[in-house]
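**Student:** Dropping the sequence and predicted coords here.
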Amino acid sequence: MKSFKVPQGKKIYFSSDHHLGAPTPELSFPREKKFVAWLDEVKGDAAAIFLLGDLFDFWFEYKTVVPKGFTRTLGKLAEITDSGIPIYYFVGNHDLWMNGYFEEELNIPVYHQPQVFTINDKVCLIGHGDGLGPGDLGYKRMKKVFTNPVSKWLYNWLHPDFGVKLAQYLSVKNKMISGDEDVKFLGEENEWLVQYCRRKLEQQHYDYFIFGHRHLPLEISLNENSTYVNLGDWITYFTYGVFQDHKLSLEKYDAQSTKP
């Protein structure tokens, strides 16, 4: 368990599901510039920044190659960590295949499973959210295949020009592979991440459950002392989480993106 004591006047920021590169690099470029502008703003009072997965619509690290593009995003992340502000990354279902690049080049720790962080006096369970809770069996089976070391080794032998294009096509076209659910709110009782959180509360207390993946900005009270927060996305909502003092809230970034 990692602990933060947030200094007076500082904040911790949470963001998720940017899907940079989708549906095409050209169409995603204004969203990337908007996200970089947000990073540039929040670095002024950030004690830490959490990125909860699917920053890219596809990411695979070959031994000496990473996907082309995203220069502005990667450069801004490097600038922020170089300034001493920590960034924590949780892989999503579109960027499962991280293998050292963020740690080595950007000094950003990468987590493949939900983690517990104590922020001031609040216990938070943080993760992307894919594959948790009941149901979604097709995706869970696919995830086991994709994360299998043999599968990754075989995929690594594909030439990057072919491997990346194939994965980008599948990511956009195949919902089973992407793991994306219908983004309509299903109601508290049918939201599988809400069910997951309530089951976790039977074992241990958490003040906040902070996830992405559902692409919906949600704040749902689980009981009088525990809240489930979904961060939304940077495709439709441009929402993010802010932890200040002892409270987490959702905010919307309204700055106008610059046309390419």
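**Tutor:** In hand now; what should we look at? Predicted model only: the values in this text are computed from it and were never measured.

**Student:** all contacts plus neighbour counts: C-alpha atoms, from now on.
**Tutor:** Fine.

**Student:** roughly how far apart are Gly187 and Tyr196?
**Tutor:** Distance of Gly187 to Tyr196, computed by Cα to Cα, to the nearest Å: 14 Å.

**Student:** Of these two, give the one with the bigger neighbour count.
**Tutor:** Shown here are Gly187 and Tyr196; by other Cα atoms under 10 Å, Tyr196 has more neighbours (15 against 9).

**Student:** Pretty sure the more buried one sits in a helix.
**Tutor:** Yes - inclusion of Tyr196 in a helix is indicated when DSSP: H, G, I helix; E, B strand; the rest coil is applied.

**Student:** Surely it touches Leu132?
**Tutor:** Yes - the pair Tyr196 and Leu132 qualifies as a contact (Cα atoms under 8 Å) at a distance of 6.5 Å.

**Student:** Which residue ranges of the stretch 101-250 of the chain form helices?
**Tutor:** 101-106, 137-147, 149-156, 160-173, 175-178, 192-201 (DSSP state H, counting those that start in this stretch).

**Student:** I believe Tyr89 is in a strand; please confirm or correct that.
**Tutor:** Yes - using three-state DSSP, the assignment for Tyr89 is a strand.

**Student:** My read is that it contacts Leu106, right?
**Tutor:** No - using Cα under 8 Å, Tyr89 makes no contact with Leu106, being 10.9 Å away.

**Student:** Look at those two and report which has more neighbours.
**Tutor:** Tyr89 (23 against 19).

**Student:** got the contact list for the more buried one?
**Tutor:** Shown in contact with Tyr89 (Cα atoms under 8 Å, 6 or more residues apart in numbering): 50-53, 108-111.

**Student:** Report the buried residues of the helix ranked longest in the chain.
**Tutor:** Longest helix in the chain by number of residues (criterion: DSSP state H): helix 25-42. Residues 28-37, 39, 42 are the ones in helix 25-42 that count as buried (16 or more other Cα atoms under 10 Å).

**Student:** same question, stretch 113-133
**Tutor:** 114, 116-120, 122-133.

**Student:** low-confidence ranges in the stretch 1-150 of the chain?
**Tutor:** Counting by pLDDT under 70, the stretch 1-150 of the chain has low-confidence residues at 135-148, 150.

**Student:** Could you list the buried residues of stretch 61-69?
**Tutor:** Applying 16+ other Cα under 10 Å to stretch 61-69 flags 61-62 as buried.

**Student:** cool, stretch 222-237 as well?
**Tutor:** Result for stretch 222-237 [16+ other Cα under 10 Å]: buried residues 222, 226-234, 237.

**Student:** which residues touch it?
**Tutor:** 14-19, 31, 35, 194, 197-198, 205-221, 238-241, 250, 252.
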